[in-house]
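**Q** Sequence plus predicted model, see below.
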Amino acid sequence: MMSIQRVFRQRGFHAFGVIGFWLHFFSLYRLWSHTSNEATVLGRYSTRFALVLVASLLLAVVWVGVMVRWRLVSARLEHVAARWRLVLLVAAGLPILVVWWFPIERLAQEYVAANALLLVVLLLQTMPDQRLNILHWLWLLVLLVVLMWPLLLLGSVTIRMFEPDEAAWADYSTSIFVADGVYARTWLQEPVAIRPGLGYALVGYGWLLENVSFNIATGRIIQFASYVVAFIGVAAIAWRLYGRVVGVACLVMTSFSFSFLAYNEYRPNLQLPAIAVLIVLCALEGRYQLVGRGALGWHFLCGLLAALSLQLHASGVVYIAAFSVFYILEVAWVFYRSRRWRVAPIMTFFVGVAFGGAVYYFLNIAPLGGIGVYLSALVTERGGYVRPLPALYRLFTWPNLVEVILVFAGLTFLIWRQNKADCVLLAILSCVFGAALLLDTQGYLHTFNFLLLLPVGVLLVDGLNPSASGATRRGQIFVAATTLVVLWQVIWFFLIPSGALTALANGRLPPFLYEELRPALQTYIRPNDVIVSTHELLWTYPNHRNLVGVMAETVGSQRWGLNNPVDVWERVQPTVVIAIEHQMDIPPGLAAYMSNHEFKVCDTLRVLATTITIYREQCAA
């Protein structure tokens, strides 16, 4: 019986059909499960969005009809004069440029752009193709990306999104300088040398906060710098496997991907891609050099970096497990093909892991009392699943419709073609995501998603003409059309909402709530006050040693074994409570404590359209 793969190979890769399938797989689910802010139709959808839903059903019928009658449609298009097909191609791309001005919801805009891109693919697949020397075009793409990086960095700094974890990481990072340990002092965590799962990479961030600038922008600059390392690393991996054309395509896709841009705040798990690209590159270099001291050095460095990634975040264990399996499979494959054991690479890799693991043990585990205490604390804190197979859930809820369609279409293309480079990449993807499904209990998709943008670059360059791998006219136009889609999305959904373009026009950064609070609260706060508020007030009072976050009610109860949360506050003895609208809620235990001690509203301030309420037992005259 002929295998499915052989049938696919005989029929050829049908880019239009594959992209169309994944478009409807994801879009129909996302469109119909969407809820509009103005729910006027069926109590769920706005009127405009309901029209998009109707149009999506009609479009689905049209695209299925095109697929069923593909030979007839392609024959008709092939008989159209070349200049008219070029006109059709330009007309198909117009919605990519204009849909963002339409007053419809973002998901609907993404859906229209995805359909326009599918129409471009349909027309390209019926056009003649030829190989090109497009070095100048590649340099234009690289120049575009490099010119956009400062704007993206500005957007990361100007966006006024307050993530509680961002302040918590600032607390962790600076505690070693003011409290002799890496833990969140504003949460009343137990003072320890370092919390399980945290790494000493935080210390560098803490030093910058304490000695350069205690500002939210400091962490965001570090975060974006780590992204740039990941962008360049992904391009280098693609270049190593497929050549420079795919490398540049991957550079474009990663730089403009919302799997990165959706997360701007400083968080160590978001920085793992920066070290992960180096791990992958070391594994590839060692594999392709095969023999010699240089090859063994790469394998050692791969294992060392995988172990040292734990100094960024506990999710680094996924890379240790993934590349352990990768090296085991490599040994098994070589033995299967040649009946020879080639164990030097895997042994050298594990020596690197052991060396990095020893460093981690003496710095992170031994100070806490040994491996048993460490694992017990780590499982208690991080062992619970957010949901079954959280990494898989995050994969299917990728933050951008066009991207997730291309990701799955790219994976389909790799599985269909399976040349040597495809097999290596698929093996790495399988090992990493297999390990993530087993070990990642939090669903940190952004820790691993950079690898999934590699198949997208391969699809854009080779998908429309798999037999002519590399630079072709079809691939050039497909990359250009996709670049237009992702670039316009970056402008409309990131740069404009973040205020980056406004800041660029005004020549100054927008005001920051927690900086504006410092002069506003100056007359209300005394040096010896015990302040209870959101722990994000750390951005306002980085040097106030008696600042406690409202999250301390839960953490303190667990730490001290208290059944009544009021008892936490009886220990803390707050003198002032600062309630910040939309940034916090006063928990029940604190509310009861304030009632018992007759806290009164001393004043209400309005800062940057945010209400600030100040409570004390005795208000100043």
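**A** Nice, I can see it.
**Q** now the stretch 301-450 of the chain, which segments are flagged as low pLDDT?
**A** 381-393, 442-446 (pLDDT under 70).
**Q** go with 90
**A** Within the stretch 301-450 of the chain, the segments meeting pLDDT under 90 span 313-316, 329-346, 364-399, 417-420, 433-450.
**Q** which residues in it form strands?
**A** In the stretch 301-450 of the chain, no strands are found when defined by DSSP state E, counting those that start in this stretch.
**Q** How about the chain?
**A** Assigned by DSSP state E, the strands in the chain fall at 531-533, 547-549, 576-580, 600-607, 610-616.
**Q** among the ones you listed, which is the most enclosed?
**A** The highest mean neighbour count among the strands of the chain, using mean count of other Cβ atoms under 10 Å, belongs to strand 531-533: a mean of 27. Just so you know, the C-beta spots here come from the backbone N, C-alpha and C atoms, and that holds for glycine as well.
**Q** who's in contact with it?
**A** The contact list for strand 531-533 (Cβ atoms under 8 Å, 6 or more residues apart in numbering) reads 525, 537, 541, 544, 546-550, 552, 569, 572, 574-580, 584, 590.
**Q** redo that, cut-off 7 Å
**A** Here strand 531-533 makes contact (Cβ atoms under 7 Å, 6 or more residues apart in numbering) with 525, 537, 544, 546-548, 550, 574, 576-578, 580, 584, 590.
**Q** between the strands of the chain, which one is nearest to Ala322?
**A** Comparison of those against Ala322 by Cβ to Cβ identifies strand 547-549 as nearest, at 35.6 Å.
**Q** what is the mean pLDDT for the closest one?
**A** Averaged over strand 547-549, pLDDT sits at 93.
**Q** Give me the contact list for that strand.
**A** 186-188, 530-532, 534-535, 537-538, 541, 572, 574.
**Q** ok, for Pro95, nearest residue in space, not its chain neighbours?
**A** What sits nearest to Pro95 in space, not counting adjacent residues and going by Cβ to Cβ, 6 or more residues apart in numbering, is Ala116, at 4.0 Å.
**Q** Tell me the spacing between the one you found and Thr483.
**A** Distance, Ala116 to Thr483, using Cβ to Cβ, to the nearest Å: 14 Å.
**Q** repeat for Val379
**A** For Val379 relative to Thr483 (Cβ to Cβ), the value is 45 Å.
**Q** These two: which has the busier surroundings?
**A** The residue with more neighbours, out of Val379 and Thr483, is Thr483; 18 against 12, by other Cβ atoms under 10 Å.
**Q** any idea how far the more buried one lies from Val145?
**A** Applying Cβ to Cβ, the value for Thr483 to Val145 is 9 Å.
**Q** Spit out the residues that contact the two alike.
**A** Val252.
**Q** circling back to that earlier point, may I see the contacts of strand 547-549 arranged in TSV, with pLDDT and distance to Arg195 as well?
**A** Output for the contacts of strand 547-549, formatted as TSV (pLDDT from 0 to 100; distance: Cβ to Cβ, whole Å):
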residue	pLDDT	distance to Arg195
Thr186	90	14
Trp187	89	10
Leu188	88	13
Val530	94	23
Ile531	94	23
Val532	94	22
Thr534	92	20
His535	89	15
Leu537	92	21
Leu538	92	17
Tyr541	92	23
Val572	92	20
Pro574	94	24
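**Q** Highest neighbour count among these?
**A** Busiest of the contacts of strand 547-549 [other Cβ under 10 Å] is Val532, holding 31 neighbours.
**Q** returning to that earlier point: among the contacts of strand 547-549, which lie within helices?
**A** Members of the contacts of strand 547-549 lying in helices (criterion: DSSP state H): Val572.
**Q** so which of the contacts of strand 547-549 would you say is closest to Ala436?
**A** Trp187 (27.8 Å).
**Q** mind listing what the nearest residue to Gly410 once chain neighbours are set aside touches?
**A** Take Gly410 and drop its neighbours on the chain: the residue closest to it by Cβ to Cβ, 6+ apart is Pro455, 3.0 Å away. Contacts for Pro455 (Cβ under 7 Å, 6+ apart) come out as Val407, Gly410, Leu411, Phe413, Leu414.
**Q** Now for Asn215: which residues touch it?
**A** Listed by Cβ under 7 Å, 6+ apart, Asn215 has no contact partners.
**Q** Distance of it relative to Gly20?
**A** On the measure of Cβ to Cβ, Asn215 and Gly20 end up 47 Å apart.
**Q** what do you get for Trp169?
**A** Trp169 is 42 Å from Gly20, where distance means Cβ to Cβ.
**Q** same check, this time on Asn543
**A** Distance from Asn543 to Gly20, by Cβ to Cβ: 58 Å.
**Q** Pick out whichever of the two has more residues nearby.
**A** Legend: neighbour count by other Cβ under 10 Å for Asn543 and Gly20, higher for Gly20 (23 against 11).
**Q** The more buried one touches Trp63, doesn't it?
**A** Yes. The pair Gly20 and Trp63 qualifies as a contact (Cβ atoms under 7 Å) at a distance of 5.2 Å.
**Q** What score does the closest residue to Phe494 other than its chain neighbours have for pLDDT?
**A** Closest residue in space to Phe494, ignoring its immediate chain neighbours: Leu261 at 5.1 Å, by Cβ to Cβ, 6+ apart. pLDDT recorded at Leu261 is 84.
**Q** Also Leu132?
**A** Looking at Leu132, its pLDDT reads 67.
**Q** Could you export stretch 357-373 as PDB, keeping only the C-alpha atoms?
**A** The C-alpha coordinates for stretch 357-373 follow below in PDB (Å, rounded to 0.1, in the frame of the first residue of the first chain):
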ATOM      1  CA  GLY A 357      24.900  21.400  36.700                       C
ATOM      2  CA  ALA A 358      27.700  21.400  39.300                       C
ATOM      3  CA  VAL A 359      27.800  25.200  39.200                       C
ATOM      4  CA  TYR A 360      24.100  25.400  39.600                       C
ATOM      5  CA  TYR A 361      24.200  23.000  42.500                       C
ATOM      6  CA  PHE A 362      26.800  24.900  44.500                       C
ATOM      7  CA  LEU A 363      25.200  28.300  43.800                       C
ATOM      8  CA  ASN A 364      21.500  27.500  43.800                       C
ATOM      9  CA  ILE A 365      20.800  24.200  45.600                       C
ATOM     10  CA  ALA A 366      23.400  23.700  48.400                       C
ATOM     11  CA  PRO A 367      22.600  27.000  50.100                       C
ATOM     12  CA  LEU A 368      19.000  25.900  50.500                       C
ATOM     13  CA  GLY A 369      19.900  22.700  52.300                       C
ATOM     14  CA  GLY A 370      20.400  20.200  49.400                       C
ATOM     15  CA  ILE A 371      18.600  18.600  46.600                       C
ATOM     16  CA  GLY A 372      15.700  17.200  48.600                       C
ATOM     17  CA  VAL A 373      14.800  20.500  50.100                       C
END
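**Q** If you count neighbours, what's buried in that stretch?
**A** Within stretch 357-373, the residues scored as buried using 16 or more other Cβ atoms under 10 Å are Gly357, Val359, Tyr360, Asn364, Ile365, Leu368.
**Q** Please apply the same query to stretch 576-593.
**A** 576-580, 583-584, 586-587, 589-591, 593.
**Q** and Gly297, how far is that from Thr472?
**A** 37 Å.
**Q** ok, these two, which is more surrounded?
**A** In this view Gly297 and Thr472 are compared by other Cβ under 10 Å, and Thr472 has more residues nearby, 21 against 16.
**Q** Arg76: neighbouring residues, count only.
**A** 11.
**Q** Now do it against Tyr319, distance only.
**A** 51 Å.
**Q** now Arg394
**A** As judged by Cβ to Cβ, Arg394 and Tyr319 stand 17 Å apart.
**Q** what about the two, which has more around it?
**A** Higher neighbour count among Arg394 and Tyr319: Tyr319, with 27 against 23, using other Cβ under 10 Å.
**Q** For that one, which non-adjacent residue is spatially closest?
**A** Per Cβ to Cβ, 6+ apart, closest to Tyr319 is Ala306, 4.7 Å.
**Q** State which helix of the protein is the longest.
**A** Ranked by residue count under DSSP H, the longest helix found in the chain is helix 216-242.
**Q** wait, what's in contact with the residue nearest to Leu301 when sequence neighbours are not counted?
**A** Excluding the flanking residues, the one nearest Leu301 by Cβ to Cβ, 6+ apart is Cys282, at 4.7 Å. Contacts for Cys282 (Cβ under 7 Å, 6+ apart) come out as Trp298, Leu301, Cys302, Leu305.
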